[in-house]
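# prediction below, plus the sequence it came from.
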Amino acid sequence: MQVAPPTRGTIRFGFFEVDLRGGELRKQGVKIKLQEQPFQVLQILLEHPGEIVTREDLCQRIWPSDTFVDFDGGVNNAIKRLREALGDRAETPRFIETLPRRGYRFIGPVNANAATTPADGSLPTAEPHTGTRSNRTLRIGTFVRLGLAALLLAVVGFTSNQWWQHLRGRGDVPQIRSIAVLPLQNLSGDPAQEYFTDAMTEELITELSRISAIKVISRTSIMRYKKTDKPLPEIARELGVDGIVEGSVLRSGDRVRITAQLIYAPQDTNLWARTYDRDLRDVLALQSAVASAIVDEIRVKMTPQQTARLEKRQAVNPEALDAYWKGQYYLSLLQRMELVKGQEESAKNGFHQALANFDQAIQRDPNYAPAYLGYAGAINEFAGWVDPHTDLVNRRKPALMKALALDGTLAMAHVSLGDILFQDEWNWADAEKEYKRAIELDPNSAKAHDSYANYLDSMGRLQEGLKEHELQLQLDPDLSYGDSPLTPLELRIGRMRKFAATHERAGVAEYWWRVLLLARGGRYKEAIDEWAGLLTRTGWTATAKAVRHGYEKAGYRGALRVAAQQGEIAGANHVYLPPSMMAYLYGVLGDKDRAFAWMEKAYEERDGSIATMKIALDYEPLRSDERFAEMIRRVGLPQ
């Protein structure tokens, strides 16, 4: 084992922090009494998280060569006292794993740059928690012990149900029906490997999301906990879950190690922990194995179809996988990027990097369906930065159709196809089929529930839509702008505020929704402040000043009049503006002819707002006009 240079800062893991300068172990700020030798053992293990530290290594570091001592007894005693201080157990370790006849390994996620990699670039081989005996030997020994235990329990008068629970050792396991997979930690110490660590997090969430018997929080809501120091019970309360999965990833060359732990969050109790070492080619099968182990531990039932999907794994070219994960990483950066003037070039670069990586994945493995889905997703995301009606957008649907032809079980491909059928093609019946199929395949997809809720609202099926909105918000507590029209206005405004506070990126749609909601509630000053902020962030600084000045002179209608004038000038100069925005301005001002002219433009361009016109706040000032009813008939929406 290479000896890492001692770290001189503070290392955090779970509720604990280790002050290496002061030689103290603290739990939530409270000092934990720990003798010198157990503390030294902890420090050595933390210097090499995820690596095997042999008993010989510990002896050499802690006891000088000329010291006469029972080394084995000393190590055993130090480990025992350390586990007592951490509340850890050898049978179900959360922090310190024993590898029989080899040594120990720190398996908990560490919030520090203490990770090291062996000089040869390899990963130490993980030993199974059950030791090295054969399965047959283990089964024989288990049955013998079960028989003896059953006899003893019968003598002392246990009921059959009681002794069976005790034999299984799981009678007191708390029931878990909701889970959040926290962002896995990158133990490589190399920031360039963040894309791989994020990919492993997303793959695990995807695997667990297929199971309808448990609620799995979406990636959108969990990513804000990356590198957080918040206690697990607090995170669980915020996300509304009773189970937390946390862990770490170490990649070295073609080897990958994933350590995962299942924790009953209300009591911060470790239920299960395991380390997996695999070849990079087997990493998708590895994720299925982790998900299966978690499902088995919490004892939920799966349908035969869900079991088959969890066990079935397509062989994928490793280079294609790597390119796909890099594409996903750049796409996530683009999604988190704020809509700020001056970031257009960064957004364009991120888009091209994502698209190039997805294209590379397709070239390396033309049969890898998620690469086509990623390609379509990158186009869809970048369209939000530019005029959405460009030739680029026309590549989305062919990519999605190819993805589904290769793998019809991709839930997100069905959602994205449903969005195109609904918003762009106004094919209501087929859109609903796609949304339903997506939810069937992935009942934990917040995006699927959100899109289907929006569809149901637009069809006038508001009570059905409200149920889908509620499911969406359970799965993605941070998501707020998809509220049903039946949701009380103040609650919708409050959720908008929460979304703005917890998300790095907000686009035109989110800002504009907040403007409309605030104005509908009569909070005109706040609405103008929100709108002026949107205009400033997108580079329309002069217009923002003019709008504020118009509000000061003539109130809300004065501000809208200025905005409409500026919008007409921009349109004449071929600057793209959402036609629904202009329709709203003229609708509030009472110029219905001009408002419907812009609505006609939205119809001709097949703007997505037309599909939602029955509920969209943009068109609310126009709904009493007979021309609005005529537009509904032309589009084919239910009356």
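Yep, it's here.

# strands along this structure, start to end?
Using DSSP state E, the strands found in the chain span residues 10-13, 16-19, 24-27, 30-32, 52-54, 96-99, 103-106, 178-181, 185-186, 215-216, 243-252, 255-264, 269-279.

# save those strands as CSV, and put in distance to Asp529, mean neighbour count and mean pLDDT too.
(Each C-beta comes from the backbone N, C-alpha and C, glycine too.) Formatted as CSV, the entries for the strands of the chain read as follows, by distance: least, CB to CB, whole Å; neighbours: other CB atoms under 10 Å; pLDDT from 0 to 100:
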stretch, distance to Asp529, mean neighbour count, mean pLDDT
strand 10-13, 39, 18, 84
strand 16-19, 41, 18, 87
strand 24-27, 44, 16, 86
strand 30-32, 44, 11, 81
strand 52-54, 57, 18, 88
strand 96-99, 54, 20, 87
strand 103-106, 50, 24, 89
strand 178-181, 34, 25, 94
strand 185-186, 40, 25, 90
strand 215-216, 37, 26, 94
strand 243-252, 38, 24, 89
strand 255-264, 43, 23, 88
strand 269-279, 47, 19, 83
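
# for Asp430, which of these is the nearest?
With distances scored as CB to CB, the stretch of these nearest to Asp430 is strand 215-216 (27.7 Å).

# so where's this protein uncertain?
Along the chain, segments meeting pLDDT under 70 span 1-8, 28, 63-73, 112-173, 309-314, 336-344, 384-390, 479-482, 499-508.

# remind me what whichever helix in the chain runs longest packs against, helices and strands.
When the chain is scanned for its longest helix (criterion: DSSP state H), the result is helix 541-572. Counting contacts by 3 or more CB pairs under 8 Å, 6 or more residues apart in numbering; DSSP states H and E, helix 541-572 packs against helix 524-537, helix 579-589.

# buried set for that helix?
543-544, 546-548, 550-551, 556, 558-564, 566-568 (16 or more other CB atoms under 10 Å).

# gap between the spatially most central residue of the chain and Ala192?
With distances taken as CA atoms, centre = their mean, Arg219 lies nearest the centre of the chain, 1.0 Å away. If you measure Arg219 against Ala192 using CB to CB, to the nearest Å, the figure is 21 Å.

# settle this for me: the residue nearest to the centre of the chain is touching Ala199, isn't it.
No - distance between Arg219 and Ala199: 11.0 Å, which falls outside the contact criterion (CB atoms under 8 Å).

# report the beta-bridge partners for Gln244.
Just to correct that, residue 244 is Ile rather than Gln. Beta-bridge pairing of Ile244, defined through DSSP bridges, involves Ala180, Ile263.

# now Thr54
Beta-bridge partners recorded for Thr54 (DSSP bridges): Gly103.

# is it true that it touches Arg101?
No - with contact defined as CB under 8 Å, Thr54 and Arg101 do not form a contacting pair (9.8 Å).

# now find how far off-centre stretch 93-111 is within its chain.
Here the centre of mass of C-alpha atoms in stretch 93-111, compared against the chain's by CA atoms, centre = their mean, to the nearest Å, lies 27 Å away.

# same check, this time on stretch 262-274
20 Å.

# need the residues that contact it.
Outside stretch 262-274, the residues within contact range by CB atoms under 8 Å, 6 or more residues apart in numbering are 14-15, 88-89, 92-94, 97, 107, 129, 173-174, 176, 231-233, 235-236, 241-246, 259-261, 290, 293-294, 297-298.

# try it again with 6 Å
In this structure, residues lying in contact with stretch 262-274 by CB atoms under 6 Å, 6 or more residues apart in numbering are Thr92, Pro93, Arg94, Pro174, Leu232, Pro233, Ala236, Ile244, Val245, Gln261, Ile294, Glu297.

# burial of the second one, as a residue count?
Spelled out, that is Pro93. Around Pro93 there are 23 other residues, counting by other CB atoms under 10 Å.

# which residues of the stretch 151-300 of the chain fall in helices?
Assigned helices in the stretch 151-300 of the chain, in chain order: 160-168, 194-209, 219-222, 232-239, 283-298 (criterion: DSSP state H, counting those that start in this stretch).

# any idea of the angle the last one forms with strand 269-279?
Going by axes from the mean of the first three to the mean of the last three CA atoms, to 10 degrees, helix 283-298 is angled at 160 degrees with respect to strand 269-279.

# who are the packing partners of helix 283-298?
On a contact count with 3 or more CB pairs under 6 Å, 6 or more residues apart in numbering; DSSP states H and E, helix 283-298 meets helix 194-209, strand 255-264, strand 269-279.

# Pro578 is nearest to which of the ones you listed?
Counting by CB to CB, Pro578 lies closest to helix 194-209 out of the helices and strands packed on helix 283-298; the figure is 31.2 Å.

# would you mark the buried spots in that closest one?
Of the residues in helix 194-209, those scored as buried under the neighbour-count criterion (16+ other CB under 10 Å) are 195-209.

# let me see the domain layout of this protein.
According to the domain assignment given by automatic domain parsing, the chain is divided into the following structural domains: 10-106, 178-313.

# using a markdown table, lay out the ones you listed together with distance to Lys601.
Listed next are those as a markdown table, based on distance: least, CB to CB, whole Å:
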| stretch | distance to Lys601 |
| --- | --- |
| domain 10-106 | 56 |
| domain 178-313 | 33 |
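
# dump stretch 174-187 to CSV, restricted to CA.
Extracted as CSV, the C-alpha positions of stretch 174-187 are listed here (Å, rounded to 0.1, in the frame of the first residue of the first chain):
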residue,chain,number,x,y,z
PRO,A,174,-38.2,-0.8,8.6
GLN,A,175,-40.5,-0.7,5.6
ILE,A,176,-39.2,1.5,2.8
ARG,A,177,-41.5,2.6,0.0
SER,A,178,-39.8,5.7,-1.2
ILE,A,179,-36.1,6.2,-2.1
ALA,A,180,-33.7,9.0,-3.1
VAL,A,181,-30.4,8.1,-4.8
LEU,A,182,-28.0,10.8,-3.7
PRO,A,183,-25.3,11.8,-6.2
LEU,A,184,-22.5,9.2,-6.0
GLN,A,185,-19.1,10.6,-5.0
ASN,A,186,-16.1,10.6,-7.3
LEU,A,187,-13.3,8.9,-5.4
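
# name the residues that touch it?
When contacts are defined by CB under 6 Å, 6+ apart, stretch 174-187 is touched by residues 49-50, 109, 115, 193-194, 197, 200-201, 204-205, 214-217, 222, 225-226, 239, 241-250, 264, 298.

# same thing with stretch 420-433?
Where contact means CB under 6 Å, 6+ apart, the residues beyond stretch 420-433 that reach it are Lys397, Gly418, Tyr455, Arg606, Gly608, Ala611, Val635.

# now the buried members of those residues.
Members of these that pass the buried threshold by neighbour count (16+ other CB under 10 Å) are listed as Lys397, Gly418, Tyr455, Gly608, Ala611.

# test my guess that the second one contacts Glu434.
In other words, Gly418. Yes - using CB atoms under 6 Å as the test, Gly418 is close enough to Glu434 to be in contact (3.3 Å).

# got the phi/psi numbers for Pro109?
The main-chain torsion angles of Pro109 are listed as degrees, to the nearest 10 and equal phi -60, psi 130.

# and the residue nearest to it when sequence neighbours are not counted, what are its bridge partners?
Using CB to CB, 6 or more residues apart in numbering and skipping the chain neighbours, the partner closest in space to Pro109 is Gln185 (4.3 Å). According to DSSP bridges, the residues that bridge with Gln185 are Ser248.

# reformat the helices of the stretch 151-300 of the chain as TSV; add distance to Gly29.
TSV is the format used below for the helices of the stretch 151-300 of the chain (distance: least, CB to CB, whole Å):
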stretch	distance to Gly29
helix 160-168	37
helix 194-209	28
helix 219-222	25
helix 232-239	14
helix 283-298	31
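
# so which of those gets nearest Phe351?
Closest among these, using CB to CB: helix 194-209, at 16.0 Å.

# many thanks, we can stop here.
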